[in-house]
Structure formats: C-alpha cells, structure tokens
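Student: mind looking at a prediction? Sequence and model below.
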There are 2 protein chains.
Amino acid sequence: MTATRSVLAAQATDFPRWFQDVIAKAELADNGPVRGTMVVRPYGYGIWELLQEAMNRRIKATGARNAYFPLLIPESYLQREAEHVEGFSPELAVVTHAGGKQLEEPAVVRPTSETVVGEYLAKWIQSYRDLPLLLNQWANVVRWELRPRLFLRTTEFLWQEGHTAHVSAADARAYATKILYDVYREVMVDVLAIPVVVGRKTRRERFAGAVNTMTLEAMTRDGKALQMGTSHELGQNFAHAFDIGYLSSEGRRELAWTTSWGSSTRMVGGLIMVHGDDAGLRVPPAVAPVQVVVLAVKDEAIEAAQRIADDLKAVGLRVEVDDRADQPFGRRAVNWELKGVPLRIEIGPRDLAAGNATVVRRLRDSAKTAVALTELTAHAVAALEADQAHLLTEANARQTARITGVSTVEEAIEAAGTGWARIPYDAVGEQGEDRLGESGITVRCLQRRDGSLPVNDDEPDLVAYVARSY
Amino acid sequence: MTATRSVLAAQATDFPRWFQDVIAKAELADNGPVRGTMVVRPYGYGIWELLQEAMNRRIKATGARNAYFPLLIPESYLQREAEHVEGFSPELAVVTHAGGKQLEEPAVVRPTSETVVGEYLAKWIQSYRDLPLLLNQWANVVRWELRPRLFLRTTEFLWQEGHTAHVSAADARAYATKILYDVYREVMVDVLAIPVVVGRKTRRERFAGAVNTMTLEAMTRDGKALQMGTSHELGQNFAHAFDIGYLSSEGRRELAWTTSWGSSTRMVGGLIMVHGDDAGLRVPPAVAPVQVVVLAVKDEAIEAAQRIADDLKAVGLRVEVDDRADQPFGRRAVNWELKGVPLRIEIGPRDLAAGNATVVRRLRDSAKTAVALTELTAHAVAALEADQAHLLTEANARQTARITGVSTVEEAIEAAGTGWARIPYDAVGEQGEDRLGESGITVRCLQRRDGSLPVNDDEPDLVAYVARSY
C-alpha cells in the first residue's frame, strides 16, 4: 500500500493532482498532441465501452433509434438560433481549408448537433404520424476549452446526443424527463454506483437554446459537484429556426416541439472522482473491464491460476490472469489496486497445498480472506454483487453527510467550501446567483421540497443545491 | 412489384442511379449539408451497428483492444512520413481557427491515424515484453473527395482502424494476414454473404506509407470491383518516423514493425451493390435490422400479427409488426421489399380462418407460401438460415461467371467492360498498368496461381485481377 501512496498524490492534500496521477498510472488516458485533446487508452476505453452498452440498451428501450449526422456543419446553420450561436461561438473549431482550397463557407466541427439534426427533422417529418421521432447518435464533438482537464472537460469528447421531435410541449417534456430518470439516473445509480441529485437548472445555467435544462449532479470526493448528464426541453426554438413542422390530424400545419439530451466520457471522470481512494481507482463491477484478476504468486501456481480463471469466465465474469511470476509480487498487487480491479485472487504454492486461494476485495477494506478453491466461483460472484451495492451505499453516505442545509447565501458560500449547500431558492434568486458566482460557486439545480422536478424557476418553495463544480 | 420498379431506376439501365434511388427510398442515408458528407438514417445505421458488432467481436478475438485517439492531428505529424503526407495532402480538411483565434499550428482532421498512433506507440512501448501491442479504434475520418458517392466515397466516413506494433517483420506480416482472413474475410463471407477475392495490391495501388497492402475485392452487380477492406504491413516506415523502439530480450534497442488495417461504412455500399435487385435492397439476415416483418392485412389481424411477432422475438429474431391496416396493402408490401427485409409474413382474416399465414422470402423468388401458424416460427428460423446461405451462393455464382481468363492487356480491357479479367501478371507489368489506367481500369490485386498471397510483387507466375472499380 505504501508503494501506491508514493506514486499518487494524496486526495486530501491535492485532489486535482491525485486525479491526474490516477489517470496516468492506471493507464486510463493521456493528453493528446493538440492542446486539450485526449487519448483514451484501452483500460479507460474498456470502462467507456461497458458504460456505453448499458446506456445504449436503455436509450433503445425508450424507442429511440441510432443514426449518424455529419461532423462538419455549415457555419450558417449555427447562426439560425440566436441563443445557440451566442452560447457556442467562443468554443468553435472551424475548418477553413479542405482539399487544398479555401472553402466558400467555413465548416464548423460540431460542438453539438441540434442545428444539423434540425435541418433533417424538417425534411423527414411530414405528418403527425411521423411523431414522435426519436433519434440518438454516438459521436465525437469539439468544444475549444480554456481550462481542459482529462475526461471532465476535453476539447474533443465522446458522447451520445439524443434529438427528438414531438407534437406537443407536454409530450416533449414527458420524454425528456423519461430520459433523465429511466436512462440517465438508472445508469448513474445502478451501473456506475453514483448517487445523483436530479433537478432543474436555473435560467443562467441553461443549455444555449433550451427552455428547460434538467441535470444530474454527482458529488466528487472533494465535495464539489459534477454534472453527469443533461436533458433539455428546446420548446419550439429549433423548430422555428429550422422549420420543423407537421400536418396535424386536423390537417393544420403545426410546429413541432423538440428535445435534446447528452451524456459523455465525463462520466468516466465522475467514476474516478466519486469512487477512487488514495490507493487508486475503484471500478464498479458493472463497468469493470477486469472484474477479477487471478494473480499467480509463483510459477508453480500459474496452471492453477488459469484453471480458476476459466471457472470464473465460465459463469460470465471478465477475468485476467497475472502470470508474471518473475516480477515482484508486491508491485503487481499494488498495480491491480491502482487499476481498481474489484476482486484480486492470489494463488501460491502454500494456498494450493491448503486447497485455498486468497481473496482481496478492493471495494471493501482490501483485507485478505482464505477461500476454499471449491467455493471460489460462488464466492466471487456474490462478492462482486455485494460490492457493487456497497460502493453505492458508501457514496450515498458520503454525499448525505456533506450536504448542509443553510438559509442564507453567506452560509451557502461557507458550506460550499467543503461540500454542497441546500438552501431555499427564495433566499438566493438571480441576485444571489451573482454573489455565488463571485466566489466561483453556482446553483447546481433546483428541486421541489419533495425532491421532484419544478416545471419552472418561478415556482414557490423551491430548494437550490449550491456548490463549487468541475 | 410494378410499383417498386417505377420508383427505382432499373439496374441494367442505370446502375449508379439505381444505387442512389435505393439509398433514398429505403431510407438508408441522405446527403449531408457540407458537400460529400452523409447522414446515416436509422435503417442504414441499424445495418452498420450489426456489422460493427460482428467485426468488433472478431477483432477482439485476435487479442486487439479498443482505444480512442484524437480527431485533430498537428499538421507537422503527417509530414514525418514522406509517402504518407504525399498521399493524403490533397484530401485534408484543416482547422485553422478555434476558440475565436487563429491556431499557432493548424490541426488536420484525421484522414487516418497512423501518425498520431505512432507518436503514442513510441511513448508506451519500452521493451519486447510490451509487444505485440494490438490496438483498434472505431472512429470517423475525413478525406476531401472530388467525386463523392454515398457509402462508397464520402468526405466523412465511419470505420475501424487497427494499429499494431511487433518485434519482427514476420510477426507483423502474420498478424496483418490474420486480420485479412480471420476477421475481414470471415465478416464479408459469413456475415455479409459477399464473396471476396483476397490478394496483394501492386506497388502503385499501395496505401501511402505501406510496404505491402492486402485487399479484399467484391464484385458489384454491374461487374465492377469494390475494395471492401485493406490490411497493411507498414514495415519500419512509421517506426522510423515516430521512433517506435523497444529494448530486445538481449538488451539492444530495436525498431518495431507496425501494421494498420481498416474497414468502413463502405461495406454497407458493398452490401447494396452486391445483393440489391430491381425491387430494391436485399439484406442478409445476419445484419438485417428487421429480419421478419409481420404485416397485418386488415385490422382484425393486428392482434394475431402481434402474437406471431412475439413468438418470433422469443427465439431471438428481430421483428417488426406493420399494423397500418388503413393504408393500401400493396404499397406496404412493396415498401418492405424495397427495404430488403428477408422475410415477410402476411396475415389476414382469410389466413387466420385457415390457421395459416402467408410467407414471402425476399431473398429467394418472393413467391407466396402458406405456412401453418403452428409451424411458423420454425419455418422462419430455417428460412432465414437457408437464405443467408443462398445469398452467398448466388453472389458466388455471379462472380465466377463474370471473371474472364485472358492473356493480353487488350483482352483484359475488353473483359473489364462487363466484368473482371484474370490475367498472368507477367503479361501486364508496370507498363500494362499504365495502359489499363488510360481506360479507367486497375489491377485490383495479385494472387499466386493457387489463390494464396504473394510475398512480393516480383514473384514469378502471379495472377492479376483487373477491373473497373468504385
């Protein structure tokens, strides 16, 4: 354990540095050559693939279908929706030359795809029978970031972006809300084991072009907030700008109501910041590329390690054998801890003689337990299930403990020094948001007192969650 | 059937026009707003997703792992490998402005990733123990095309690109060849039901920067060739340019040997051009987003159609119910033919009364067969399996019939008017390639007489496949 501590900064001392260290040492990602870009290494990409699969399955279950829209968007498209272009202009990367020539119209590398999707929704939708039209795409987007940070805010990132059109505002809202709870919240909680506060963004924090942005906010181990996904009601803003109309069942031409919603590789950043500890990463079994590593202590145990791994694979677990018996055992163990592999099974000649293996549960206390070889598979399956649940319980407890109920903006600013504040929104208001902003603090979201979603910012008795954020 | 013919150009009259028509009418894709780009619609993307899954599984089985490298590459990277920059320069899209400023160094939108991957291989590889390093990525790339064509040659396309590093030329060759046969050929033949001729490219047709390019060529219904995938030995060209070195087991520093290999959305174009007929698309069951459509002829049959669909789904088939009983039956049937759905099950009140359904096999003769409801599921499963095989047999027969053995370049040019020519490479040579080129014809690939891969272009007794191509 001491060996690990020496390669990572301590969380309590320098959390951002710890984050960088973990990403490098666990081989999750590297900085790309163009400033702010990211190379996702196989271990990091393996987590993303499993997460993507879990998300994709749930998105499809809502009735949405995947499609693919072009990376390059004519500059003029963005200008059609006033708030949208204002919000995204400062972050655009622009292709001015291609095929050896200057382009007549520069093309923007998509920062998000509402505009280009809008153009095609308008083309494809004729009648109310074509609605709702529910699309999703998995893609890369580019937003020029001033202060890039791996996984959290990179110039290019991978995400899914959903785009839908509906006959009414109520329909659009119902669908955007379904995505928020049944897809995003479920993936965060059930798959990533990350508790989230679900709420509505204030006017100033809304997506550029939306009439309502709903968000899921997670608490990092240093008490900040991380926006894990958002779902937007776009009203008729994009329908106006791109003329997304349909013939109603009464034969009248109407404008559609659209939504968009996105979640990205930033979720991997959330996973690191919510679950990681001073020994490194801790990966929830549901998205662990390696759920169990079987470590052969000596050469004589390699064959037994292989047999154990085969048994575990046979019940569907993702398993790796570490047979580098010529390398120091301690260094290998520390390396698997760093990578946050949930279960480590150590097997040496002594264990073999006793008919046992040694099991170490990274997501618990990393204590060593001797388990009979005959019971190993059942033990592993049960431990992974229990530890997935344990991670969530633990994160929940941490989050609850660090949310302070306050009643004034001053108290909120103080509370946000170490965690989140929960404050009546009446005590904040737009003016209060200004004051929070001066201290680098924002209203993360609004909820009703019962935790449900407000329908607008002006409802009485709303509660605001206030925090510093990544 | 006549209705379909009226919406599509006939293959025999205007094949390129037929191709465009099918893509539009079957709702596979649209032209994007920036010239040469493509919007892949849900039905087209559904085919791509299934194809991707089949490819991805086989790539992983060879030991490669997925990763993700940045979209934007510093312009200077491309210049490090002389042939590579020469080959790709005319096709580059360049980002010159970002975040509201001119960039100090322009960034190229990746046309392929050998250069940026090379930079990181050099960083990650230390010793022979790190080799082979086997990576793959699923990504979009941009190549500015003069004559874009949907799916076949688009300015942006989706693909997988593999990049590997090895200790020796023999190792690199063995792996590049394994990808060619065990991954690409298997997917083309077993999944897409597309027969391919596998061979070596001549010097002039090689990938820019490769010492050997191996290819799989399919024959389209108009007798042209379509390159379906390529696998390259890069020798030590990129290892030199990016200093990809390793410490050998004897402690000497050596340069690695690298490979790259790619396959793209172009395969969907191949599927259309190899299997489609005058009635539209014909999708192999293995990649059909809808394998069976159950068509309720009248309202009274909708419930029965749902029950049939549920039974089919229960055995793992991908099924859609067409319950638009208020719309003309003929138009609906023609539309499913156009989309190439392998099996159509029609169910009306008369069928119900007789305890039957009518089954139409799109991949055979589209004749109507009455099948007892109790035997429908077993019938469908068997038909899909048989028809997947049938498509391949049919395509194979067409391909064999249209390859003419010739002995002079003049004869090859004539044969290439309607199909492919097979000619001793000694009768062509570099000079012959010039003459073919003047007629818009190329050597697609070289084989030994026994069909195996030559190790270099100068082996005696090679056979050349010669054709016009897309």
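Tutor: Received the coordinates, thanks. Numbering: from 1, shown residues only, chains lettered A, B, ... in the order given.
Student: now do the same for the residue nearest to A:Arg324 when sequence neighbours are not counted: helix, strand or coil?
Tutor: Closest residue to A:Arg324 apart from its sequence neighbours, by Cβ to Cβ, 6 or more residues apart in numbering or on different chains: A:Arg332 at 6.3 Å. All C-beta spots, glycine's among them, are computed from the backbone N, C-alpha and C. Under DSSP: H, G, I helix; E, B strand; the rest coil, the three-state class of A:Arg332 is helix.
Student: next structured bit after the one helix or strand in chain A whose mean pLDDT sits lowest?
Tutor: Lowest on mean pLDDT, DSSP states H and E among the helices and strands of chain A sits helix A:2-7, with a mean of 53. Next in sequence after helix A:2-7, counting helices and strands by DSSP states H and E, comes helix A:15-25.
Student: how about that following helix as PDB, C-alpha atoms only?
Tutor: Listed in PDB are the C-alpha atoms of helix A:15-25, where the atom choice follows Å, rounded to 0.1, in the frame of the first residue of the first chain:
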ATOM      1  CA  PHE A  15      -7.200  16.300  -5.200                       C
ATOM      2  CA  PRO A  16      -6.800  17.600  -8.800                       C
ATOM      3  CA  ARG A  17      -3.200  16.200  -8.800                       C
ATOM      4  CA  TRP A  18      -4.400  12.900  -7.400                       C
ATOM      5  CA  PHE A  19      -7.000  12.800 -10.300                       C
ATOM      6  CA  GLN A  20      -4.200  13.400 -12.900                       C
ATOM      7  CA  ASP A  21      -2.000  10.800 -11.200                       C
ATOM      8  CA  VAL A  22      -4.600   8.100 -11.200                       C
ATOM      9  CA  ILE A  23      -5.400   8.700 -14.900                       C
ATOM     10  CA  ALA A  24      -1.800   8.300 -15.800                       C
ATOM     11  CA  LYS A  25      -0.800   5.400 -13.500                       C
END
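Student: tell me if the very next helix or strand once past that helix is near chain B.
Tutor: Reading on from helix A:15-25 to the C-terminus, the next helix or strand found by DSSP H and E is strand A:29-31. Yes: judged by Cβ under 8 Å from any Cβ of the partner chain, strand A:29-31 comes into contact with chain B at A:Asp30.
Student: list the buried ones in strand A:29-31?
Tutor: Within strand A:29-31, the residues that qualify as buried are A:Ala29, A:Asp30, A:Asn31, counting by 16 or more other Cβ atoms under 10 Å in any protein chain shown.
Student: all strands of the stretch 101-250 of chain A, in order?
Tutor: Listed in chain order, the strands of the stretch 101-250 of chain A (DSSP state E, counting those that start in this stretch) span A:101-109, A:133-142, A:156-166, A:197-200, A:212-219, A:225-233, A:245-247.
Student: got the contact list for the spatially closest residue to A:Ala165 that is not a sequence neighbour?
Tutor: Distance criterion Cβ to Cβ, 6+ apart; nearest residue to A:Ala165, sequence neighbours excluded, is A:Ala256 at 4.3 Å. Contacts were defined as Cβ atoms under 8 Å, 6 or more residues apart in numbering or on different chains; by that measure A:Ala256 touches A:Leu121, A:Ile125, A:Leu131, A:Ala165, A:His166, A:Val167, A:Gln236, A:Ala239, A:Ile244, A:Gly245, A:Tyr246.
Student: mind putting the buried residues of strand A:29-31 into CSV with pLDDT?
Tutor: Formatted as CSV, the entries for those read as follows, by pLDDT from 0 to 100:
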residue, pLDDT
A:Ala29, 98
A:Asp30, 98
A:Asn31, 98
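Student: for chain A, what's the longest helix?
Tutor: Using DSSP state H to define each element, chain A has its longest helix at helix A:376-401.
Student: quick one: work out the angle between that helix and strand A:212-219.
Tutor: 110 degrees (axes from the mean of the first three to the mean of the last three Cα atoms, to 10 degrees).
Student: from chain B, how far out is A:Leu352?
Tutor: With distances defined as Cβ to the nearest Cβ, to the nearest Å, the gap from A:Leu352 to chain B amounts to 26 Å.
Student: domains for chain A, by residue range?
Tutor: A:2-275, A:290-399, A:403-467 (automatic domain parsing).
Student: so how far is the last one off the chain centroid?
Tutor: To tie it back to what came earlier, the one meant is domain A:403-467. The gap between the average C-alpha position of domain A:403-467 and the chain average comes to 23 Å, counting by Cα atoms, centre = their mean, to the nearest Å.
Student: over to stretch A:182-190?
Tutor: The chain centre lies 10 Å from the centre of stretch A:182-190; the measure is Cα atoms, centre = their mean.
Student: before we move on, the earlier item: which residues touch the residue nearest to A:Arg324?
Tutor: For A:Arg332, counting by Cβ under 8 Å, 6+ apart, the contacting residues are A:Leu295, A:Asp322, A:Arg324.
Student: helix/strand/coil for the first one?
Tutor: Following three-state DSSP, the label given to A:Leu295 is strand.
Student: quick one on the thing from earlier: out of the domains of chain A, deepest packed?
Tutor: Each of the domains of chain A was scored by mean neighbour count; the highest is domain A:2-275, a mean of 20, by mean count of other Cβ atoms under 10 Å in any protein chain shown.
Student: which SS class is the residue lying farthest from the centre of chain A?
Tutor: Farthest-out residue of chain A from its mean C-alpha position, per Cα atoms, centre = their mean: A:Ala353, at 45.2 Å. Classification of A:Ala353 by three-state DSSP places it in helix.
Student: residue contacts, it?
Tutor: Applying Cβ under 8 Å, 6+ apart, no residues qualify as near A:Ala353.
Student: repeat that for A:Val85.
Tutor: Residues in contact with A:Val85, defined by Cβ under 8 Å, 6+ apart, are A:Leu78, A:Gln79.
Student: the helix or strand hosting it: how far from the chain's middle?
Tutor: Counting by DSSP H and E, the element that carries A:Val85 is helix A:82-88. Mean C-alpha position of helix A:82-88 versus that of the full chain (Cα atoms, centre = their mean) differs by 24 Å.
Student: what does stretch A:367-374 give?
Tutor: Centroid separation between stretch A:367-374 and its chain, computed with Cα atoms, centre = their mean, is 35 Å.
Student: ok, residues contacting it?
Tutor: A:Ile308, A:Glu346, A:Asp351, A:Ala354, A:Gly355, A:Asn356, A:Ala357, A:Thr358, A:Val359, A:Val360, A:Arg361, A:His379.
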